[in-house]
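**Q** for reference, the sequence and a predicted model appear below.
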Amino acid sequence: MPKIHLLLRARHAAHAAFARRVGALVPELLARDPVGLKLAVTEAAPPRLSVIPLARAPLASISIWTSRDEALDAWARAAAIDGAEVAAYRVDESIPLEHARAWPDGEPTPGVGLLTMFRRRAGLSDAELIRRWHGGHTPLALEVHPLIGYVRDAVVAAHGAPLDAIVAEHLRAREDLLRPHRFFGGPLRMLPNMVRIGRDIAGFIDLASLESFLVHARWIRSPS
């Protein structure tokens, strides 16, 4: 099923106010009759100190599933907010770890999300990127981190700032992400695992492009 990923960035807005403005877009987005719609937003500023550097600017991720190929710029216009930059991406979605649903559409997704975007390391082909990311990094991340959901979006077309990947990871609790010993496999394995992860991502990611955001998600319409 075709999937489009919208990213909205606000440089000079309060997180909570921006999240409310994104929520107000829902009726207009639903009027375009998507098969599925999901929001993930930065509801508050992240902690200033965390083992993973977390971007502090407000951001919203809007995932859209459609029954047909649709123009990226049309979806970007539908999500336009004054003072925010909007980029739209057609993506190839894969889900190595499905987040088991036990709550209805419209209710907040339990736990906390880590949304990460990056561009590939210079010189890496499409095939090598997927091999390193899907075949190498994903199994390592699932081994090390206490993830309960993991979605990979490989970008195939862009309207806006170029990206190669958008990754949505989900954890049961905020502490699972923010406490290093919990995110990296326990007190005894924390430092070796941090080294393993650091070396691995340096092999396929342009580290200067890497951005991570602490988000909370909500399904608006589950794909049928």
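**A** Right, received. Where do you want to start?
**Q** so what secondary structure elements neighbour the helix or strand containing A60?
**A** Using DSSP states H and E, A60 falls within strand 59-65. Applying 3 or more Cβ pairs under 8 Å, 6 or more residues apart in numbering; DSSP states H and E, we find strand 59-65 packed against strand 3-10, helix 15-23, strand 36-41, strand 211-221. Yep, even glycine has a C-beta here, placed from its N, CA and C like the rest.
**Q** give me the pLDDT for G123.
**A** Looking at G123, its pLDDT stands at 96.
**Q** buried set for the helix or strand following the strand holding A60?
**A** Remark: after strand 59-65, the chain's next helix or strand is helix 72-78, criterion DSSP H and E. Across helix 72-78, burial judged by 16 or more other Cβ atoms under 10 Å covers L72, W75, A76, A78.
**Q** of these, which pair is most distant in space?
**A** L72 and A78 (10.8 Å; Cβ to Cβ).
**Q** and the helix ranked longest in the chain, what does it pack against?
**A** Identified as the longest helix of the chain according to DSSP state H is helix 190-202. Packing contacts for helix 190-202, counted by 3+ Cβ pairs under 8 Å, 6+ apart, involve helix 138-144, helix 180-183.
**Q** can you say which of those helices is packed in most?
**A** Highest mean neighbour count of the helices and strands packed on helix 190-202: helix 180-183, a mean of 18 (counted as mean count of other Cβ atoms under 10 Å).
**Q** check which helices and strands that helix sits against.
**A** helix 174-178, helix 190-202.
**Q** average pLDDT across that helix?
**A** Here the average pLDDT along helix 180-183 is 96.
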